[in-house]
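**Q** Below are the sequence and a predicted model; questions follow.
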Amino acid sequence: MTSLPSTKDIQEAIPVANKFLDFVNRSKTPWHAVQSVKTILLENGFEQLQENEANWSQKIKQNGKYFFTRNHSSVFAFTVGGKFEGNGNGALKIIGAHTDSPDLRLKPISAQDSVGYLQVGVQTYGGGLFYTWFDRDLTVAGRVIVKRDDGFKQELVEVKKPILRIPSLAIHLNREVREKGFQFNYETQLLPVIATQLSDDENLGDKKGFLANHHSILIRSIAKELNCKPEDIKDFELSVVDTQPSVIGGANDEFVFSPRLDNLLSCFCSLEALLASQSTLNDDTDIRMICLFDHEEVGSESSHGAGGSLLKDTIERLIKVTQTENSPVDAYNACIAKSFIVSADMAHAVHPNYVDKHQCKHRPQIHKGLVIKTNANLRYTSNSHTSFLFGELAGRHNLPLQQFVVRNDSACGSTIGPITNANTSIRCIDVGIPQLSMHSIREQCGVIDIKTTVELFTVFFNEFREVDNLLRVD
């Protein structure tokens with residue numbers, strides 16, 4: 001690809017971008033995202049493992065394809081090289097991302113009202129640009145505990161029509177907005193309206209316990225989607241989500257306008273690469289893995305977040321169940337030293353209206369490729385060693401890379417990279433697809449970057465071991 005993209009470049013990227021649209025439109029919450037990943041994996045012949053079953057040593061074989069979920073909001077998938085052995089000679093090639101995005105989540109007691117309006121109490125999740133949630137056609141999605149004939153089940157729900165809205169205040173009643181900008185109280189003014197109080201509203205009788213905590217009309221809307229009785233709903237975790245679907249946009253069809261690009265696009269690209277690399281699996285001495293964690297947006301400190309022991313425990317388990325009687329006792333340590341993690345999280349593209357927010361020599365652009373993110377204070381993990389290896393992979397296939405560091409007078413965000421790097425002692429690099437409007441309810445990226453990222457991640461799975469052998473760092 002030349003320095004400027006062509007119409008042909010855009011058209012060649014449209015098919016994989018459309019696949020992402022289908023993925024993200026089905027993935028309104030982390031639970032839905034994991035279900036989307038699970039469905040794709042099963043369609044491609046992957047076998048689901050259960051963490052609570054001590055049978056992995058009987059199931060995991062060379063050339064095998066496996067996955068497991070935790071909390072149904074994190075998912076790990078991996079393929080085992082045809083020449084992999086748990087004797088310390090093999091390693092893991094890992095791409096990590098996260099399934100969660102900033103949003104609004106219903107409070108345990110969500111029923112509120114004001115001057116004839118029924119409102120839904122919400123909590124803010126993560127550092128969202130929550131002013132963008134105002135005046136949007138919203139609904140709820142998440143997971144529900146439902147009583148069925150054979151017991152209790154966790155089921156996913158998405159109310160398909162817009163049932164919520166957070167109305168902004170008219171400028172006639174808020175003249176100061178012109179001088180001070182749009183400001184609001186997160187507790188009292190970030191409240192979605194679900195309905196007005198009606199004289200013939202059908203209540204759920206003598207509501208007790210869980211049902212008493214939420215408006216009857218909300219419970220009925222969820223029950224309708226699940227085809228169950230309202231009283232069969234025993235608990236839920238629900239997010240407020242936008243009903244507007246993701247689309248291809250721009251006059252040249254070169255952009256994706258979508259919620260949750262951060263970080264479902266990285267999840268999608270890693271999954272596509274894992275599937276695309278299967279043709280070379282038979283000759284591989286490594287395990288190829290994608291780790292899609294929950295809770296990155298709130299610090300990752302959970303049993304199914306990157307700050308927990310999930311990744312380390314999984315690697316230890318895989319080495320144990322693939323060892324033979326003659327495997328050395330330090331096989332795990334040798335495997336760790338050879339392994340590599342790509343921490344994939346979205347990057348900040350330079351903004352045409354706020355160019356000075358970027359350091360003048362580090363201004364990633366849409367269509368110019370995946371971004372290597374570096375920070376001297378270890379907010380990112382990239383260093384000369386890991387950046388060289390990744391750059392070699394990209395250079396072999398003429399795939400573009402860009403560089404980003406935050407300005408010295410700006411705070412720097414972080415990713416799962418430093419967390420997994422510290423927890424596992426595995427080498428790591430931080431990369432991301434450039435985007436605009438990060439943490440808005442609607443974000444923006446370029447279709448070409450989706451295509452080149454899938455290609456580069458596929459190269460990583462196929463060729464990293466060969467490139468890694470070129471450089472020894474003690």
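**A** Great, that's in hand.

**Q** Any regions of the protein where pLDDT drops low?
**A** 1-2, 199-200, 202-206 (pLDDT under 70).

**Q** can you give me the helices in the protein?
**A** Counting by DSSP state H, the segments of the chain that form helices are 7-25, 30-43, 56-59, 177-180, 216-226, 261-276, 310-322, 331-338, 384-396, 416-424, 447-468.

**Q** Between these, which one is closest to Pro162.
**A** The closest of those to Pro162 is helix 216-226. By C-beta to C-beta, the value is 11.1 Å. Every residue, glycine included, has its C-beta placed from N, CA and C.

**Q** Now Leu399. Nearest residue, chain neighbours left out?
**A** Distances taken as C-beta to C-beta, 6 or more residues apart in numbering put Leu456 closest to Leu399, at 4.8 Å, once the chain neighbours are dropped.

**Q** Correction: the previous question concerned Gly307.
**A** Nearest one to Gly307, counting by C-beta to C-beta, 6+ apart, is Ser300 at 3.8 Å.

**Q** ok, the one you found - contacts?
**A** Shown in contact with Ser300 (C-beta atoms under 8 Å, 6 or more residues apart in numbering): 98, 293, 306-308, 416, 419.

**Q** where's it relative to Lys373, distance?
**A** Taking C-beta to C-beta, to the nearest Å as the measure, Ser300 falls 17 Å from Lys373.

**Q** next one: Ser110
**A** 38 Å.

**Q** neighbour-wise, which of these two wins?
**A** The neighbour count for Ser110 versus Lys373, taken as other C-beta atoms under 10 Å, is higher for Lys373 (31 against 22).

**Q** contacting residues around the more buried one?
**A** 347, 380, 382, 404-405, 415, 430-432.

**Q** Which of those residues fall within strands?
**A** Residues of those located in strands (DSSP state E): 347, 404, 430-432.

**Q** Asp474: which of those is nearest?
**A** Asp430 (23.1 Å).

**Q** I'd assumed His397 was in contact with the residue nearest to Leu399.
**A** Yes: counting by C-beta atoms under 8 Å, His397 is a contact partner of Leu456 at 7.5 Å.

**Q** Among those two, which residue is more densely surrounded?
**A** Set Leu456 next to His397 and count neighbours by other C-beta under 10 Å: Leu456 wins out with 22 against 12.

**Q** The more buried one: what's it in contact with?
**A** Contacts of Leu456 (C-beta under 8 Å, 6+ apart): 370, 393-394, 397, 399.

**Q** rerun at 10 Å
**A** By C-beta atoms under 10 Å, 6 or more residues apart in numbering, Leu456 lies in contact with 269, 273, 342, 369-370, 390, 393-394, 397, 399-401, 431.

**Q** And the spatially most central residue of the chain, how close does it get to Gly127?
**A** Geometric centre of the chain, nearest residue: Thr99, 2.8 Å, by C-alpha atoms, centre = their mean. Using C-beta to C-beta, Thr99 is found at 17 Å from Gly127.

**Q** What is the end-to-end distance of stretch 51-60?
**A** 13 Å (C-alpha to C-alpha, to the nearest Å).

**Q** re the thing from before, hang on, isn't the residue nearest to the centre of the chain packed against Lys28?
**A** No: using C-beta atoms under 10 Å, Thr99 is not in contact with Lys28, being 11.4 Å away.

**Q** intersection of neighbour lists for the two?
**A** Joint contacts of Thr99 and Lys28 (C-beta under 10 Å, 6+ apart) are 36, 260.

**Q** Spit out the contact partners of Cys269.
**A** 16, 20, 95, 97, 290, 344, 370, 433, 449-458.

**Q** Not counting residues beside it along the chain, what's closest to Ser57?
**A** Once flanking residues are discounted, Ser57 sits nearest to Val321: 3.9 Å by C-beta to C-beta, 6+ apart.

**Q** What is the neighbour count of the one you found?
**A** Neighbours around Val321, by other C-beta under 10 Å: 15.

**Q** Same question for Lys61.
**A** Here the number of neighbours of Lys61 (other C-beta under 10 Å) works out to 12.

**Q** pretty sure it is touching Leu281, no?
**A** No: in this structure, Lys61 is not within contact of Leu281 by C-beta under 10 Å, at 11.9 Å.

**Q** Between the ones in strands among the contacts of Lys373, which sits nearest Phe46?
**A** Among those, Val431 lies closest to Phe46 (C-beta to C-beta), at 24.8 Å.

**Q** The closest one touches Thr453, doesn't it?
**A** Yes: here Val431 reaches Thr453: they are 8.4 Å apart, a contact under C-beta under 10 Å.

**Q** Give me the common contacts of the two.
**A** Here Val431 and Thr453 share the contacting residues 266, 344, 369-371, scored by C-beta under 10 Å, 6+ apart.
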